[in-house]
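K.L.:
Pasted the sequence and its predicted model underneath.
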Number of protein chains: 2
Amino acid sequence: MNVLLVYAHPEPRSLNGSLKDFAIERLERAGHAVQVSDLYAMKWKPALDADDDTARQPGARFDPSLDSRKALENGTQSADIAHEQDKLRWADAVILQFPLWWFSMPAILKGWMERVYACGFAYGVGEHSDTHWGDRYGEGTLAGKRAMLMVTAGGWASHYGPRGINGPIDDILFPIQHGILYYPGFDVLPPHVIYRTSRIDEAGFSNVRDALGTAPVPFRRQNAGDYIIPELTLRRDLAPGQSGFGVHVSWG
Amino acid sequence: MNVLLVYAHPEPRSLNGSLKDFAIERLERAGHAVQVSDLYAMKWKPALDADDDTARQPGARFDPSLDSRKALENGTQSADIAHEQDKLRWADAVILQFPLWWFSMPAILKGWMERVYACGFAYGVGEHSDTHWGDRYGEGTLAGKRAMLMVTAGGWASHYGPRGINGPIDDILFPIQHGILYYPGFDVLPPHVIYRTSRIDEAGFSNVRDALGTAPVPFRRQNAGDYIIPELTLRRDLAPGQSGFGVHVSWG
């Protein structure tokens, strides 16, 4: 299997750095081919802007979506963006590894998503009609690939439990797992979360290799009948009377 | 009132640019003093790294929290960080204005939070004891100030409704409103969300000035008795049997 590890931590000699090295070693030993995008080491440019189209007209009004689509279609994207898209096309599985900073991914990784996820690549794909609202949430460019989060968190597991003060970890990660990974087509594997990172030891490094074989989170497909289009609300007979992130997962 | 507007959009001639100008005009006309942090115009450095401490030792292992605290205490923070902290101290109200990109804030704004929210400033504040887990979630450096999100979203309101496919907007914004704003002490005002931004006209610009006077979201205070410390789970008799983001708001 081809595995892309996208990694965002500024210090190689950190727990995250060790965890990354450990994951690579385990994956390669299991026979996988691994590519790593080490965003801090690459000095990845985080901010999406007009310079992301190398053919842009100076002074022209910049539209993040339209200009991103145009650059993709014309082959004028910034080389760093095109290169990361190639890695995504190559990969069978993608791991995003990062410390949970302010309940989300570090800015440098968010900027990787924003720039690499071009319009026409990760969104704005497929037809819009009365029965189909674009290829997303279960369809899309990255369909057939798997993705997984590998996250470290400073707090205790109970702080992120069903009634923990930070909110449940599955809900905190929903905008990433559902909105960033499932959206362009990935099957999302359950996240690997390590809590109380100041106290971690080797035993905390559980087996990433095995994790890649687990069953994906059963998010509901957008265009397969569960949603009313174009309102895109869940059919009334599914999870009746319920609301929130949880209704978009069909544990059946 | 002193109002700080932190704004993140790359194109001044965008809807967001107009909305920013409109907000500033309305706020100033109402007698408020307004400062703007226009992150793209300022070429804000998004990535938190070792260079954020001007006194760092080359080659030393970088610890994001400890080094951030040290730089704050020693007055050796990068000048851009210290300057934004001063703006936060000055402000009575803070507005974060941004387009919702991949269900969160743009990377450049996330990087503003990560760098300006130094350890000892926005987290790692106050005593930890059996009854008090640091000054956060209702206490902290920014207590007594108000904060509000002003967000544009491309999709329809129904897509972000209680059963909409993207998840409820209040849940999508919870990690920001609760985890980033309420955490260091802000009272959080209800967000101002504008949907279907490709179709917006002047009528969509509702009154930001009035919004600053509305009642905050009643998030539960961490150290006021609602939570069991140190597990930091909600007391069993509060919202009994319920879980998720919603239990941390006391609509009472």
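P.N.:
Looks like it arrived, so ask away.

K.L.:
Helices along chain A, start to end?
P.N.:
In chain order, chain A shows helices spanning A:15-29, A:64-74, A:79-90, A:107-116, A:169-176, A:208-211, with DSSP state H as the criterion.

K.L.:
closest to residue B:102 out of these?
P.N.:
Between residue B:102 and the helices of chain A, the shortest gap by CB to CB is with helix A:107-116, which sits at 5.6 Å. The C-beta positions use only the backbone N, C-alpha and C, and glycine is treated the same way.

K.L.:
Tell me where the stretch 51-200 of chain A is predicted with low confidence.
P.N.:
For the stretch 51-200 of chain A, residues meeting the criterion pLDDT under 70 lie at A:198-200.

K.L.:
on that earlier part again, can you put the helices of chain A in JSON lines and add mean neighbour count and distance to residue B:86?
P.N.:
As requested, the helices of chain A are exported to JSON lines (neighbours: other CB atoms under 10 Å in any protein chain shown; distance: least, CB to CB, whole Å):
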{"stretch": "helix A:15-29", "mean neighbour count": "17", "distance to residue B:86": "31"}
{"stretch": "helix A:64-74", "mean neighbour count": "18", "distance to residue B:86": "31"}
{"stretch": "helix A:79-90", "mean neighbour count": "16", "distance to residue B:86": "34"}
{"stretch": "helix A:107-116", "mean neighbour count": "25", "distance to residue B:86": "21"}
{"stretch": "helix A:169-176", "mean neighbour count": "24", "distance to residue B:86": "31"}
{"stretch": "helix A:208-211", "mean neighbour count": "17", "distance to residue B:86": "43"}
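
K.L.:
export those helices to CSV and tack on distance to chain B?
P.N.:
Supplementary listing: the helices of chain A in CSV, determined by distance: least, CB to the nearest CB, whole Å:
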stretch, distance to chain B
helix A:15-29, 10
helix A:64-74, 7
helix A:79-90, 14
helix A:107-116, 3
helix A:169-176, 4
helix A:208-211, 23
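
K.L.:
Out of the ones you listed, which is closest to residue B:244?
P.N.:
helix A:169-176 (6.1 Å).

K.L.:
Report the inter-axis angle for the closest one versus helix B:169-176.
P.N.:
For helix A:169-176 and helix B:169-176, the angle between their directions (axes from the mean of the first three to the mean of the last three CA atoms, to 10 degrees) works out to 100 degrees.

K.L.:
what's the angle between helix A:169-176 and helix A:107-116?
P.N.:
Angle between the axes of helix A:169-176 and helix A:107-116 is 40 degrees (criterion: the same axes, to 10 degrees).

K.L.:
Now do helix A:169-176: everything it contacts.
P.N.:
Counting by CB atoms under 8 Å, 6 or more residues apart in numbering or on different chains, helix A:169-176 makes contact with A:96, A:100, A:103-105, A:149, A:151, A:153, A:160-161, A:166, A:191, A:193, A:245, B:102-104, B:167, B:171-172, B:174-175, B:179, B:244-245, all of which sit outside it.

K.L.:
same question, stretch A:52-71
P.N.:
Counting by CB under 8 Å, 6+ apart, A:48-50, A:74, A:76-79, A:81, A:115, A:118-120, A:124, B:10-11, B:13-14, B:99, B:101, B:154 sit against stretch A:52-71.

K.L.:
how many neighbours does the spatially closest residue to residue A:114 that is not a sequence neighbour have?
P.N.:
What sits nearest to residue A:114 in space, not counting adjacent residues and going by CB to CB, 6 or more residues apart in numbering or on different chains, is residue A:48, at 4.5 Å. Counted with other CB atoms under 10 Å in any protein chain shown, the neighbours of residue A:48 add up to 26.

K.L.:
Then residue A:30?
P.N.:
Taking other CB under 10 Å as the neighbour definition, residue A:30 ends up with a count of 16.

K.L.:
Dihedrals phi and psi, it?
P.N.:
phi -80, psi 0 (degrees, to the nearest 10).

K.L.:
hang on, isn't residue A:218 packed against residue A:226?
P.N.:
No - in terms of CB atoms under 8 Å, residue A:218 does not count as a neighbour of residue A:226; the distance is 11.2 Å.

K.L.:
Who has more neighbours out of the two?
P.N.:
residue A:226 (19 against 13).

K.L.:
How much space separates the more buried one from residue B:169?
P.N.:
Applying CB to CB, to the nearest Å, one obtains 20 Å for the distance of residue A:226 from residue B:169.

K.L.:
In this structure residue A:9 contacts residue A:101, no?
P.N.:
No - here residue A:9 does not reach residue A:101: they are 10.0 Å apart, not a contact under CB under 8 Å.

K.L.:
buried sites along stretch A:31-48?
P.N.:
By 16 or more other CB atoms under 10 Å in any protein chain shown, the buried positions in stretch A:31-48 come out as A:32, A:34, A:36, A:37, A:38, A:39, A:40, A:44, A:45, A:46, A:47, A:48.

K.L.:
How about the residue nearest the centre of chain A: what's its closest non-neighbour residue?
P.N.:
The centre of chain A sits closest to residue A:181, judged by CA atoms, centre = their mean, with a distance of 4.0 Å. Closest residue to residue A:181 in three dimensions, ignoring its sequence neighbours and counting by CB to CB, 6+ apart: residue A:147, at 4.4 Å.

K.L.:
all strands of chain A, in order?
P.N.:
Assignment of strands within chain A using DSSP state E yields the ranges A:2-7, A:33-38, A:93-99, A:146-152, A:187-188, A:192-194, A:227-228, A:233-234.

K.L.:
Just send those strands back as a markdown table, with distance to residue A:135 too.
P.N.:
Converted to a markdown table, the strands of chain A look like this (distance: least, CB to CB, whole Å):
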| stretch | distance to residue A:135 |
| --- | --- |
| strand A:2-7 | 21 |
| strand A:33-38 | 24 |
| strand A:93-99 | 18 |
| strand A:146-152 | 17 |
| strand A:187-188 | 15 |
| strand A:192-194 | 28 |
| strand A:227-228 | 14 |
| strand A:233-234 | 19 |
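
K.L.:
which residues sit in contact with residue A:161?
P.N.:
Residues near residue A:161 by CB under 8 Å, 6+ apart: A:168, A:169, B:233.

K.L.:
what number of residues lie near the first one?
P.N.:
By that I understand residue A:168. Under the criterion other CB under 10 Å, the count of neighbours that residue A:168 has is 19.

K.L.:
And it, how close does it get to residue A:245?
P.N.:
9 Å.

K.L.:
any shared contact partners between the two?
P.N.:
residue B:244.

K.L.:
pretty sure residue A:164 is touching residue B:229, no?
P.N.:
No - with contacts counted by CB under 8 Å, residue A:164 stays clear of residue B:229, the gap being 11.9 Å.

K.L.:
what about the two, which has more around it?
P.N.:
Legend: neighbour count by other CB under 10 Å for residue A:164 and residue B:229, higher for residue A:164 (22 against 16).

K.L.:
Based on its surroundings, how many neighbours for residue A:232?
P.N.:
Using other CB under 10 Å, residue A:232 has 20 neighbouring residues.

K.L.:
quick one: it from residue A:178, how far?
P.N.:
As defined by CB to CB, residue A:232 lies at a distance of 13 Å from residue A:178.

K.L.:
Could you do residue A:140 as well?
P.N.:
When CB to CB is the yardstick, residue A:140 and residue A:178 sit 13 Å from each other.

K.L.:
before we move on, what about residue A:168?
P.N.:
When CB to CB is applied, the distance between residue A:168 and residue A:178 equals 14 Å.

K.L.:
What of residue A:186?
P.N.:
Counting by CB to CB - residue A:186 and residue A:178 are separated by 10 Å.

K.L.:
do residue A:35 as well
P.N.:
Residue A:35 sits 25 Å away from residue A:178, taking CB to CB as the criterion.

K.L.:
Repeat that for residue A:24.
P.N.:
Distance, residue A:24 to residue A:178, by CB to CB: 27 Å.

K.L.:
Check residue A:56 too.
P.N.:
From residue A:56 across to residue A:178, the span is 32 Å (CB to CB).
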